[in-house]
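Trainee: got a structure for you, letters missing:
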Ligand SMILES: Nc1ncnc2c1ncn2[C@@H]1O[C@H](COP(=O)(O)OP(=O)(O)OP(=O)(O)O)[C@@H](O)[C@H]1O
């Protein structure tokens, strides 16, 4: 691999931990330097005199616990926020960006977690938006497609420029966002948790693209919670803690354990949570569950499954193979085309969400913004959502505000949610802390059934360990858990049985004690013909997919 002009890959090892120093590369000018960046929000010092220096052609990871200040720092760099103090230096020149447009003009590009694309336009139209190529006053589609294809080919960003964005998968949408930045000749590309929504295969592909971009002299900064990624792809990593940059390390001279200690101040190793007791009676049963998508396509095809008390059943699958629809149909958010759902003995096939909750459902949805939380409401209200009709917070049909606040306070402390207080609006919370609000709320009421969909997405490693422990305790207390996760290690660490979904069907059932990631990967890719029978923890034989 080429050594970038910044020469960091060849820089001598420094003392541990390496404190970040401006002009770290001696007389060479850094591509990007942040000096003393400070940003205060009401009650929070989000960035506290942060110094970071990034060399040209470097892949720089930005890590830190939820609420450590990563997104704030990148928003300042991209001109979305103004710092209270500090300076941005680009190629040896001091810059001030009062808007993203100015940042883009200076050669910065940002890929957000929530893509900013027009669904009804084509890939090429999205890429060239506001930079249209025209011919005799009309949009020159052919030239636009040609230019987009040219950049895409150069970096291996496989896209069809003529495809409508609403019809392309998530991994491709991200490539479109990267193309948008490259089309504007971004020299520094910032990506906010770029693999959070990608399948492992798509993530691999993204890494290849990022490496090609870096080898071409582009500079990459990416926020992530995944240590594996940092170790695999980054040249250097900066760790934020409580708004301060506590270390900036050369990746090949450090370890995942070292980085974790800088982030959390302790050792964290995600481990398995084996069962101690056999599973009990069925709590969730689905028989012949089918559903169609908005375009009439079959998204769930005759799914049968059972989750028993004291059992975690994991659902593995490449995103888009019916997992989300399965959760939505069970939760009552999507109408089933057919089939029967029973929760804790009550048939709820045609019931609404409230009736299903009453029957015993708790639900951590994948979409924490749209479905999971109300951004303009405070933490107290958000931590009580769905529990306002019955349960411990209601007396004679009236919500007990005092108890709600008390409960919110307790959950904020227990789940270590970084928020000023129960009366604070949740819309300003960091992504991971918003996720913790949903997880805390849904786990607090000990419903018989918990559907947990991507429960640790965007959550830092310390909090992942905590959430895993909570889910395991929930199970050990007799709860039934349906765990849908894109993280195979999460499923393998927590579940007793694993069902693999492919094209809307359950194509395999595996015993988690003996299943491997590669075996799961095979079924997830549509290979293999399923497993006819596995022995469940309570000793019964369960027959499943063919
Ligand atoms: N617009 C805002 N108004 C008030 N507080 C904010 C705002 N944006 C961020 N904060 C606060 O600043 C702190 C840092 O948040 P930030 O989003 O930068 O964290 P993060 O490291 O990106 O976290 P995560 O890993 O959870 O995404 C948090 O306490 C957050 O609540």
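Mentor: Thanks, I have the structure now. Here the structure is a predicted model, which is why all the values come from computation and not from measurement.
Trainee: Figure out how far stretch 462-478 is from the centre of its chain.
Mentor: Centre-to-centre, stretch 462-478 and its host chain are 19 Å apart (Cα atoms, centre = their mean, to the nearest Å).
Trainee: got it, and stretch 412-420?
Mentor: 20 Å.
Trainee: Does that stretch reach the ligand?
Mentor: Yes - counting by Cβ under 6 Å from any ligand atom, contacts between stretch 412-420 and the ligand involve residue 418. Where C-beta positions appear, they are placed from N, C-alpha and C, glycine not excepted.
Trainee: Contacts for that stretch next, please.
Mentor: Residues from elsewhere that reach stretch 412-420, judged by Cβ atoms under 8 Å, 6 or more residues apart in numbering: 42-44, 66-67, 379, 383, 411, 421-422, 426, 429-430, 433, 436-437, 439-440, 463, 466.
Trainee: how about the residue nearest to residue 30 when sequence neighbours are not counted, phi and psi?
Mentor: In this structure, residue 30 finds its nearest non-sequential neighbour in residue 53, 4.5 Å apart by Cβ to Cβ, 6 or more residues apart in numbering. With angles defined as degrees, to the nearest 10, residue 53 sits at phi -120, psi 130.
Trainee: for residue 108, same thing?
Mentor: Comment: the main-chain dihedrals of residue 108 come out as phi -100, psi 150, following degrees, to the nearest 10.
Trainee: hang on, the earlier thing: for the residue nearest to residue 30, which residues count as its bridge partners?
Mentor: When assigned by DSSP bridges, residue 53 has beta-bridge partners residue 33.
Trainee: Count the neighbours of it for me.
Mentor: 24 (other Cβ atoms under 10 Å).
Trainee: how far away is it from the ligand?
Mentor: Residue 53 sits 20 Å away from the ligand when distances are taken as Cβ to the nearest ligand atom, to the nearest Å.
Trainee: and that residue, what pLDDT?
Mentor: Each residue has a pLDDT score; the one for residue 53 is 96.
Trainee: pretty sure it is touching residue 33, no?
Mentor: Yes - in this structure, residue 53 sits in contact with residue 33. The criterion is Cβ atoms under 8 Å, and the distance is 4.9 Å.
Trainee: is stretch 444-457 anywhere near the ligand?
Mentor: No - Stretch 444-457 is not in contact with the ligand by Cβ under 6 Å from any ligand atom; minimum separation 10.8 Å.
Trainee: any idea how far that stretch is from the chain center?
Mentor: Taking the mean of its C-alpha atoms, stretch 444-457 sits 16 Å from the chain's own mean (Cα atoms, centre = their mean).
Trainee: start to end distance for that stretch?
Mentor: Distance across stretch 444-457, first residue to last, is 19 Å (Cα to Cα, to the nearest Å).
Trainee: do stretch 355-375 as well
Mentor: This stretch, stretch 355-375, spans 25 Å end to end (Cα to Cα).
Trainee: Can you mark which positions in it are buried?
Mentor: Taking 16 or more other Cβ atoms under 10 Å as the neighbour-count basis, stretch 355-375 is seen to contain the buried residues 356-366, 368, 372-373.
Trainee: Let's verify the residue lying closest to residue 66 once chain neighbours are set aside: helix, strand, or coil?
Mentor: With sequence-adjacent residues excluded and distances taken as Cβ to Cβ, 6+ apart, residue 66 is closest to residue 432, at 2.8 Å. Following DSSP: H, G, I helix; E, B strand; the rest coil, we place residue 432 in the helix state.
Trainee: where does residue 432 land on pLDDT?
Mentor: According to the model's per-residue confidence, residue 432 sits at a pLDDT of 85.
Trainee: That one: how many residues sit nearby?
Mentor: When counting by other Cβ under 10 Å, one arrives at 26 neighbours for residue 432.
Trainee: ditto for residue 46
Mentor: Taking other Cβ under 10 Å as the neighbour definition, residue 46 ends up with a count of 26.
Trainee: quick one: secondary structure of it?
Mentor: For residue 46, the secondary structure call by three-state DSSP comes out as strand.
Trainee: for it, what are its contacts?
Mentor: Taking Cβ under 8 Å, 6+ apart as the criterion, residue 46 is in contact with 39, 40, 69, 72, 243.
Trainee: let's see it at 10 Å
Mentor: 37-40, 67-73, 75-76, 81, 84, 240, 242-243, 428, 430 (Cβ atoms under 10 Å, 6 or more residues apart in numbering).
Trainee: Same question for residue 323.
Mentor: When contacts are counted by Cβ under 10 Å, 6+ apart, residue 323 is found next to 299-300, 315-317, 366, 453-454, 484-486, 499, 501, 504.
Trainee: Could you restrict the contacts of residue 46 to the ones contacting the ligand?
Mentor: Restricting the contacts of residue 46 to contacts with the ligand (Cβ under 6 Å from any ligand atom) yields 67, 68, 69, 70, 71, 72, 428, 430.
Trainee: out of the residues you listed, who's nearest residue 125?
Mentor: Residue 125 has its nearest neighbour among these in residue 71, at 28.5 Å by Cβ to Cβ.
Trainee: For the stretch 101-250 of the chain, which segments are assigned as strands?
Mentor: When assigned using DSSP state E, counting those that start in this stretch, the strands of the stretch 101-250 of the chain occupy the ranges 108-111, 134-135, 138-139, 188-192, 219-223, 236-241, 244-250.
Trainee: The fourth one pairs with which strands?
Mentor: Here strand 188-192 has these sheet partners by DSSP bridges: strand 108-111 (parallel), strand 219-223 (parallel).
Trainee: Equivalent analysis for the longest one, please.
Mentor: Strands adjacent to strand 244-250 in the sheet, as given by DSSP bridges, are strand 236-241 (antiparallel).
Trainee: Need the nearest residue in space to residue 231, chain neighbours excluded.
Mentor: Excluding the flanking residues, the one nearest residue 231 by Cβ to Cβ, 6+ apart is residue 256, at 5.8 Å.
Trainee: Residue numbers of the stretch 351-500 of the chain in contact with the ligand?
Mentor: Within the stretch 351-500 of the chain, the positions adjacent to the ligand are 418, 428, 429, 430, 431, 432, 433 by Cβ under 6 Å from any ligand atom.
Trainee: OK, contacts around the one residue in the stretch 251-400 of the chain that gets nearest to the ligand?
Mentor: With Cβ to the nearest ligand atom as the measure, residue 263 is the residue of the stretch 251-400 of the chain nearest to the ligand, at 10.4 Å. Contacts here follow Cβ under 10 Å, 6+ apart; on that basis residue 263 touches 63-65, 68, 225, 227, 239-241, 246-247, 460-462.
Trainee: okay if I get these as JSON lines plus neighbour count and pLDDT?
Mentor: Listed next are the contacts of residue 263 as JSON lines, based on neighbours: other Cβ atoms under 10 Å; pLDDT from 0 to 100:
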{"residue": "63", "neighbour count": "28", "pLDDT": "97"}
{"residue": "64", "neighbour count": "26", "pLDDT": "95"}
{"residue": "65", "neighbour count": "25", "pLDDT": "93"}
{"residue": "68", "neighbour count": "26", "pLDDT": "94"}
{"residue": "225", "neighbour count": "25", "pLDDT": "93"}
{"residue": "227", "neighbour count": "20", "pLDDT": "93"}
{"residue": "239", "neighbour count": "27", "pLDDT": "97"}
{"residue": "240", "neighbour count": "27", "pLDDT": "97"}
{"residue": "241", "neighbour count": "18", "pLDDT": "95"}
{"residue": "246", "neighbour count": "17", "pLDDT": "96"}
{"residue": "247", "neighbour count": "22", "pLDDT": "96"}
{"residue": "460", "neighbour count": "24", "pLDDT": "90"}
{"residue": "461", "neighbour count": "21", "pLDDT": "91"}
{"residue": "462", "neighbour count": "17", "pLDDT": "88"}
